[in-house]
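Engineer: Structure for this input, please:
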Amino acid sequence: MAKAIHMMIRVLDEERSRDFYANAFGLECADRYAFDGFTLVYLRNAENDFEVELTINHGRTDPYAHGDGYGHLAVCVDDLDTEHRRFTTLGYSPNPIKEFMRDGALMARFFFVQDPDGYKIEVLQRHGRYR
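Structural biologist: Residues are numbered from 1 along each chain as shown. Next up is the predicted model:
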């Protein structure tokens, strides 16, 4: 069974976005990861584990337009390989499984699939912060 774990949006100003989500929904920073070129900030509250992932692309000065910023729904599963095969059998044409490393360790194993309207959904192996 899949479990929804986060949604991602690209934002121009990290502090402004963090303030808004804290004030509007009580979402606080659970984790923050700076990479070369971008930063990921995971927001959540005590109510549940579902998070809003803010992506801040370093050096971006123009605001994002609707349809210009990339976003996705993410779910995690117990057995990514089995789910990938199942999606393939169902004719959903999932993208290949990828691995995302951080500081020499596996941060995430995942693939993307699109729904009938073209919305991207990230399917992650349950691991580490992705539970």
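Engineer: Measure how far the longest strand seen in the chain is from the centre of its chain, please.
Structural biologist: If you go by DSSP state E, the chain has its longest strand at strand 105-114. How far strand 105-114 lies from its chain's middle: 10 Å, per Cα atoms, centre = their mean, to the nearest Å.
Engineer: what does stretch 87-101 give?
Structural biologist: The answer for stretch 87-101 is 16 Å, by Cα atoms, centre = their mean.
Engineer: Now do the end-to-end distance for it.
Structural biologist: By Cα to Cα, to the nearest Å, the extent of stretch 87-101 from end to end equals 24 Å.
Engineer: Now do the domain split for this protein, please.
Structural biologist: Per automatic domain parsing, the domain ranges recorded for the chain read 1-70, 80-131.
Engineer: Tell me which residues of the longest strand of the chain come out buried.
Structural biologist: Using 16 or more other Cβ atoms under 10 Å as the test for burial, strand 105-114 gives 107-111, 113. To be clear about C-beta, it is placed using only N, CA and C from the backbone, and glycine gets the same treatment.
Engineer: Turn these into a markdown table, including pLDDT.
Structural biologist: Output for these, formatted as a markdown table (pLDDT from 0 to 100):
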| residue | pLDDT |
| --- | --- |
| M107 | 94 |
| A108 | 96 |
| R109 | 97 |
| F110 | 97 |
| F111 | 96 |
| V113 | 91 |
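Engineer: rewinding a little: for the helix or strand following the longest strand of the chain, list the C-alpha coordinates in CSV.
Structural biologist: Downstream of strand 105-114, the next assigned helix or strand under DSSP states H and E is strand 120-125. Extracted as CSV, the C-alpha positions of strand 120-125 are listed here (Å, rounded to 0.1, in the frame of the first residue of the first chain):
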residue,chain,number,x,y,z
LYS,A,120,4.3,13.5,-12.0
ILE,A,121,4.3,11.2,-9.0
GLU,A,122,7.5,10.2,-7.2
VAL,A,123,7.5,6.6,-5.8
LEU,A,124,10.2,6.2,-3.2
GLN,A,125,11.6,3.2,-1.4
